[in-house]
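# Okay, here's the prediction I keep looking at, along with the sequence it came from:
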Amino acid sequence: FRSEKRPDKIIIIGDWWDMSSLSSYDKAGAKGWENKDYAQDIAVGREEMSRFLSTVKGKQRKWKPEVHFCYGNHEERILRAADDPHNRKFGTTLLQDYYGLTDGYSLNVHAHPFLEIVNIDGIMYSHYLVNPESMLSNPIGGNMSNKLNKLGGSFSMGHQQVYQTGEKWTADGRRMRGLVCGRFYQDEQEYLGPQKNKQSWSGIIIKNEVKGGDYDLCEVSMNYLLSNWS
């Protein structure tokens, strides 16, 4: 799909690595706890990222798009674990570079720290954005109109297990576009329950004619990808 459409830029919005082995919610004795493994979490993410990028990277490729990766809160679990005083003896192991995006295993990706906002073609990208009018660092909530009003510009984020899109026009005819696209997987999540799993859209977004924060939006669902490129 990537090699056929050949986008100029690819933005991965984060949480590629689940890092369930470092989840603060899972304690010894919890369901499935004994099967979780840190090294396996790292390895499977690296392998799949290499496969994902294999169609766009390499000296022989004429098509070489910019690839950006915004670290999510799940990738951030490594740094949080490293800051835990009980884990200081693992300090040189618990490093974010172990994902292979920026170290010796480099996949030639522009990696952006968790919650850093990177502006690309007039669009703010981050794993999630926070309400600038609030003292809290939680993801901005509410409907799309609220998000656009509070953030004051075009943005795209993930994190939230929903698909939201919307627009707001300025008096001089400029259009701000908001996008929340936080689900890209085939399996259902137990914590969402049967109703929310069925109500959640999964897929990617193609942005055409991107300029000054505006673009034409093209939805590509997980079902469509599987039907045409699996």
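Thanks, I have it.
# Name the residues linked to residue 120 by a beta bridge.
Listed by DSSP bridges, the beta-bridge partners for residue 120 are residue 123.
# surely it meets residue 8?
No. Using C-beta atoms under 8 Å, residue 120 makes no contact with residue 8, being 10.1 Å away. The way it works is simple: take the backbone N, C-alpha and C, and place the C-beta from them, glycine included.
# Compare those two and say which one has the larger neighbour count.
Taking other C-beta atoms under 10 Å, residue 120 and residue 8 do not tie; residue 120 has more neighbours (15 against 11).
# contacting residues around the more buried one?
9, 11, 68 (C-beta atoms under 8 Å, 6 or more residues apart in numbering).
# For stretch 197-205, list every residue counted as buried.
Neighbour-count burial for stretch 197-205, counted by 16 or more other C-beta atoms under 10 Å, picks out 197, 200, 202, 204, 205.
# any idea which of those residues is closest to residue 186?
Of all those, residue 186 sits closest to residue 202, with 7.3 Å by C-beta to C-beta.
# Now that closest one: phi and psi?
phi -120, psi 130 (degrees, to the nearest 10).
# average pLDDT across stretch 90-108?
Averaging pLDDT along stretch 90-108 yields 66.
# got the end-to-end distance for it?
In stretch 90-108, first residue to last residue: 27 Å (C-alpha to C-alpha, to the nearest Å).
# for this protein, what spans make up the strands?
Here the chain has its strands, by DSSP state E, at 9-12, 66-70, 110-112, 118-120, 123-126, 155-157, 163-169, 175-181, 203-211, 214-221.
# Just the CA trace of the longest helix anywhere in the chain, in PDB.
Secondary structure of the chain read by DSSP state H shows that its longest helix is helix 38-53. Presented in PDB, the C-alpha positions along helix 38-53 are these (Å, rounded to 0.1, in the frame of the first residue of the first chain):
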ATOM      1  CA  TYR A  38      10.500  -7.000  28.400                       C
ATOM      2  CA  ALA A  39      12.900  -8.300  25.800                       C
ATOM      3  CA  GLN A  40      10.100  -9.900  23.800                       C
ATOM      4  CA  ASP A  41       8.200  -6.600  23.800                       C
ATOM      5  CA  ILE A  42      11.200  -4.800  22.400                       C
ATOM      6  CA  ALA A  43      12.000  -7.400  19.800                       C
ATOM      7  CA  VAL A  44       8.500  -7.800  18.300                       C
ATOM      8  CA  GLY A  45       8.100  -4.000  17.900                       C
ATOM      9  CA  ARG A  46      11.500  -3.700  16.200                       C
ATOM     10  CA  GLU A  47      10.800  -6.600  13.900                       C
ATOM     11  CA  GLU A  48       7.400  -5.200  12.800                       C
ATOM     12  CA  MET A  49       8.800  -1.700  12.400                       C
ATOM     13  CA  SER A  50      11.600  -3.000  10.200                       C
ATOM     14  CA  ARG A  51       9.000  -4.800   8.100                       C
ATOM     15  CA  PHE A  52       6.900  -1.700   7.900                       C
ATOM     16  CA  LEU A  53       9.700   0.500   6.700                       C
END
